[in-house]
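Undergrad: Output the structure for:
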Amino acid sequence: MVTVSLSIIVLVSFAIFTASIGGDALDGKIENGHYFVRQGAPYKEVSFFQYIISAFLCLMASVAFFLLGNRVLYVLEIVGILKSKSALRICLNIFFGGICGSVFLYSIFIILHSLAMSRG
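TA: Reported below is the predicted structural model:
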């Protein structure tokens, strides 16, 4: 239950922060020492720290989504929906692992890239 609660808190924090700065670092860019986020078409310039926080929250949200997805699979197995459907369980685990793992790795790349760009 703690995992679910923390995951929900992280996802809500990510959503609120993303809405407040006008986008996220995953869809953003760095140009000439300026940091931009985007949600939709226009880019919005943000500070270095907002950009890093956005990338970190993306990383944490990918972990939270993975944990929630696995918790849902666990509940479906306990209830009996997935007991006889091992192929479906495997496909769902690959889906959650693949999507969340990709976002996680891309978030790490963005954090490292932005740190390298900030040093010159």
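Undergrad: List the contacts of stretch 80-92.
TA: Gly69, Leu73, Leu76, Glu77 (Cβ atoms under 8 Å, 6 or more residues apart in numbering). Where you see a C-beta, it was placed from the backbone N, CA and C, and this is true even at glycine.
Undergrad: Pull the contacting residues for the second one.
TA: I take that to be Leu73. Leu82, Arg89, Leu92, Asn93, Phe96.
Undergrad: Mind pulling up the pLDDT for it?
TA: With respect to pLDDT, Leu73 scores 81.
Undergrad: for the chain, what spans make up the helices?
TA: Per DSSP state H, the chain carries helices over the ranges 2-21, 48-79, 86-118.
Undergrad: Out of those helices, which is the most enclosed?
TA: helix 48-79 (a mean of 18; mean count of other Cβ atoms under 10 Å).
Undergrad: Regarding the chain, what is its longest strand?
TA: strand 24-31 (DSSP state E).
Undergrad: Quick check: the residue of the chain most remote from its centre vs Glu77, distance?
TA: In the chain, the greatest distance from the average C-alpha position (Cα atoms, centre = their mean) is reached by Ser84, at 31.2 Å. For Ser84, the distance to Glu77 (Cβ to Cβ, to the nearest Å) stands at 10 Å.
Undergrad: Next: Ala61.
TA: 24 Å.
Undergrad: what do you get for Leu112?
TA: Distance from Leu112 to Glu77, by Cβ to Cβ: 37 Å.
Undergrad: Please apply the same query to Arg119.
TA: For Arg119 relative to Glu77 (Cβ to Cβ), the value is 47 Å.
Undergrad: One more: Lys44?
TA: Counting by Cβ to Cβ - Lys44 and Glu77 are separated by 43 Å.
Undergrad: ditto for Ile30
TA: Applying Cβ to Cβ to Ile30 and Glu77 gives a distance of 43 Å.
Undergrad: Low-confidence stretches in this structure?
TA: Where the chain drops to pLDDT under 70, the residues are 120.
Undergrad: circling back: turn the contacts of Leu73 into CSV, columns for distance to Gln39.
TA: Output for these, formatted as CSV (distance: Cβ to Cβ, whole Å):
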residue, distance to Gln39
Leu82, 35
Arg89, 34
Leu92, 28
Asn93, 29
Phe96, 24
